[in-house]
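1. With the sequence up front, the predicted model follows.
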2 protein chains.
Amino acid sequence: MQGYPLRDITVIDLGQIYQGPYATFLMAMAGARVIKVEPPTGEPVRARANISRGSLPLAMLNSNKQGITLNLKTARGRELLIELVKRGDVLLENYAPGVLDRLGVGAAVLTKANPRLVYASGSGYGRSGPKRDFLAMDLTVQAIGGVMATTGEPDGPPMKAGPAFADFLGATHLYGGIVTALYEREKTGRGRVIEVSMQEALYPALASALGMHYWQDGKTTTRTGNRHSGLSMAPYNVYRASDGHVAVICVKDEHWKSLARVMGRPDLADDPRFANHTLRAAAMDEVDALVETWTLRHSKDEIFDIARQHKIPAAPVRDLTEVTNDPHMHERGMLRFMEHPELGRVVLPNSPIRYEGSPLLELIPSPELGQHNRDVYCGFLGLSEGELEGLKAEGAI
Amino acid sequence: MQGYPLRDITVIDLGQIYQGPYATFLMAMAGARVIKVEPPTGEPVRARANISRGSLPLAMLNSNKQGITLNLKTARGRELLIELVKRGDVLLENYAPGVLDRLGVGAAVLTKANPRLVYASGSGYGRSGPKRDFLAMDLTVQAIGGVMATTGEPDGPPMKAGPAFADFLGATHLYGGIVTALYEREKTGRGRVIEVSMQEALYPALASALGMHYWQDGKTTTRTGNRHSGLSMAPYNVYRASDGHVAVICVKDEHWKSLARVMGRPDLADDPRFANHTLRAAAMDEVDALVETWTLRHSKDEIFDIARQHKIPAAPVRDLTEVTNDPHMHERGMLRFMEHPELGRVVLPNSPIRYEGSPLLELIPSPELGQHNRDVYCGFLGLSEGELEGLKAEGAI
């Protein structure tokens, strides 16, 4: 880990599903030693995967971690957690608030065992407030948090965003909080309890829709299909191409002038009816029809190429086969074809955070359940082989 | 800033629109001094807002920053940037890659001027690779990055997510990268160039959809409406209530049993046709119809309340008026009613990252254009009043 920013950090990772594991994945790819701690039945994503044949999400989010089992429902298991925490720098958990407290290994106990510990808690609604104990998953947080109010057609039902944005915005805020507390610890010598609520992590991303809502005194629907969330920009939409769809957006008046020319309609570039955002937004239906007349005559990649040459923001709508094979992300090392022991040949992501001067770490496939029990319990905690066998026999790991 | 983790950090913030400004907003709310540097015409969000009457997004993302103007197209302006960088810890920019290099104040020049500088670059596609110079905005990155492929109805067109998730996942990764580099600097004494591409920042959030795509060898549509992206869980949907919509999800079999009982259908709890995820997912239409028969008879808040009592994950679909008035987020201090000098009474967010032991910082309204020119140029850089007037006269600020 020479040359990687978190090379001297050890993470005790109780993360499960998406929010916790992605935060610690980012730590692993910055050079930290991440010990993924699972109950003997596996974390929920692994347990569900056993019904099918392995889990791609589990593989995506747990590369470069060590995997151990630990049964926190046993007294010996909780003692082991405290031993791990004494030797670690960070403990992350995204159980429902209060779960670890009820087990007797909550933030108060663990930070007392190690005052340098950064204790990171991720949850749906946070560690305080009236909704603290409500169960939350990505879908329900998208519902209550405003994502569904702003996604979908104006005359259609509320729609979730396909990707798990509540989980992942929760995760990235959590990563940021942890590293901030590690920075502070260098100054103060002490750790912190930090926390992130998924509902709160979503809120700032509503900025455009909140802007429209504010100016219209909350009177209109906030779903705008593929149009601008503030309905204040045109062209700004997804248009049909000859072989799919393409997104085109004119942020500046010059983009519109360039687009008019490549559409073979230089007259529109100088048409006073379309001279600025306000005017084009007022004539949105007409502007969109003009653009689609052109896009329908070209393939989505042709349009992407033309737009690039003329400096107009545009991009093809890509399906997941195209996304996972994206030559650009493969060339940059963000995506890699890997042989995964459970899944076979798959595409796995690296970290989106790059530290120039240090190449992206090579991916190491996600651990099998308990794969590193010996390394961690004997090598890291210093137990004997006999003690390891005893832990297994008594159901503590 | 006593007691806040980034209290000794100064950020030179060239961020614009959403990605850059949100990353530095998180820094300001962790105690950093953030100097927002805008061209004399204002950053794009401010410039567009002048057409209307002020910008709520600008206010949301720039609280607790100082605001100065600086014209990087002048030689004197670039000299001033270098002076600021020499006295700062972090420079953030999210121009298109290469813009600052062409002006002569790129990463190489600035990190040479201050080897302790953390230089943070956010962009659509990153600082390398074949797509490096393609123009990118949230909409186009959602198109090319797979968000639209996974959002919307199976038989409908590709759909954007309403919130600007490409921008905001870009921003939170950027924040994490900056603070990681600051932590590393405590060990090495040297800064880093760090970078984040919005397209890459989106990819991990596709985990569920990529899982389904992998198992089905890429043969099906990946849009599932409000159903589970892997179509492997039921109930998992948005259902009509008597007064709106509600999201309900049964992660565990016990959730289903509880739901069956509260629906007045205890027979379903023990019905072998619905005994586990695999069986319920196979009977998804029937399961969804059973649930909606019940939800239609109750209001969305009644259902939320019943679900909480019986520990079933559920939540009402809330509109933006409900979201901005959410009593839970107001009680926790995430949201505040504020008098903003330009906008009047508005709801503004704090940071979703909480450091226990330090209350959330009080919000200070976003600066007007150039509001802190005197404080920064005279107080921080040490110029005289006469020099400040000279800079204005020559168009350098």
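-> Right, received. Where do you want to start? Numbers count the residues shown, from 1 in each chain, chains lettered A, B, ... in the order given.
2. residues in contact with the closest residue to A:Pro266 other than its chain neighbours?
-> Distance criterion CB to CB, 6 or more residues apart in numbering or on different chains; nearest residue to A:Pro266, sequence neighbours excluded, is A:Ala260 at 6.2 Å. From N, CA and C alone the C-beta is placed, and that goes for glycine too. With contact set as CB atoms under 8 Å, 6 or more residues apart in numbering or on different chains, A:Ala260 has these partners: A:Pro266, A:Asp267, A:Leu268, A:Ala269, A:Phe274.
3. burial of the first one, as a residue count?
-> Yep, that's A:Pro266 we're talking about. Neighbour count of A:Pro266, defined by other CB atoms under 10 Å in any protein chain shown: 12.
4. circling back to that earlier point, next, give phi and psi for the residue nearest to A:Pro266.
-> The phi/psi pair for A:Ala260 (degrees, to the nearest 10) reads phi -60, psi -40.
5. How about A:Thr172?
-> Dihedral angles (degrees, to the nearest 10) for A:Thr172: phi -70, psi -40.
6. so what's the closest residue to it other than its chain neighbours up against?
-> Distance criterion CB to CB, 6+ apart; nearest residue to A:Thr172, sequence neighbours excluded, is B:Thr172 at 3.6 Å. Neighbouring residues of B:Thr172 by CB under 8 Å, 6+ apart: A:Leu169, A:Thr172, A:His173, A:Tyr175, A:Gly176, A:Ala201, B:Tyr22, B:Ala23, B:Leu26, B:Ala201.
7. any idea how far the first one lies from A:Tyr175?
-> So that's A:Leu169. 11 Å (CB to CB, to the nearest Å).
8. Make JSON lines out of the contacts of B:Thr172 and add secondary structure.
-> Output for the contacts of B:Thr172, formatted as JSON lines (DSSP: H, G, I helix; E, B strand; the rest coil):
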{"residue": "A:Leu169", "secondary structure": "helix"}
{"residue": "A:Thr172", "secondary structure": "helix"}
{"residue": "A:His173", "secondary structure": "helix"}
{"residue": "A:Tyr175", "secondary structure": "helix"}
{"residue": "A:Gly176", "secondary structure": "helix"}
{"residue": "A:Ala201", "secondary structure": "helix"}
{"residue": "B:Tyr22", "secondary structure": "helix"}
{"residue": "B:Ala23", "secondary structure": "helix"}
{"residue": "B:Leu26", "secondary structure": "helix"}
{"residue": "B:Ala201", "secondary structure": "helix"}
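9. out of these, who's nearest B:Arg192?
-> Minimum distance to B:Arg192 across the contacts of B:Thr172 is 15.2 Å, recorded for B:Ala23 (CB to CB).
10. How many residues are close by that closest one?
-> Residues near B:Ala23, counting by other CB under 10 Å: 32.
11. Repeat that for A:Asp167.
-> Here the count is done by other CB under 10 Å, and A:Asp167 has 29 residues near it.
12. Identify the residue spatially nearest to it, adjacent ones excluded.
-> Of all residues not flanking A:Asp167 in the chain, A:Tyr18 sits nearest, at 3.8 Å (CB to CB, 6+ apart).
13. got a list of what that neighbour touches?
-> Contacts of A:Tyr18 (CB under 8 Å, 6+ apart): A:Val45, A:Pro57, A:Leu61, A:Asp138, A:Ala164, A:Asp167, A:Phe168, A:Ala171, B:Ala207.
14. Sort those residues by pLDDT and name the bottom one.
-> The member of the contacts of A:Tyr18 with the lowest pLDDT is A:Val45, at 91.
15. what's the helix or strand that one falls within in contact with?
-> Take DSSP states H and E as the rule and A:Val45 turns out to sit in helix A:44-49. Defining contact as CB under 8 Å, 6+ apart, one finds that helix A:44-49 is touched by A:16-18, A:21, A:38, A:41, A:55, A:57-58, A:369, B:232, B:251, B:277.
16. Helix or strand next in line after it, which one?
-> From helix A:44-49, the next helix or strand downstream (DSSP H and E) is helix A:56-61.
17. Just the helices from the stretch 251-397 of chain A, written as ranges.
-> Assigned by DSSP state H, counting those that start in this stretch, the stretch 251-397 of chain A shows helices spanning A:253-262, A:266-269, A:277-282, A:284-295, A:300-309, A:320-324, A:327-331, A:373, A:385-393.
18. Of all the ones you listed, which one comes closest to B:Ala149?
-> Short answer: helix A:320-324, nearest of those by CB to CB, at 5.7 Å.
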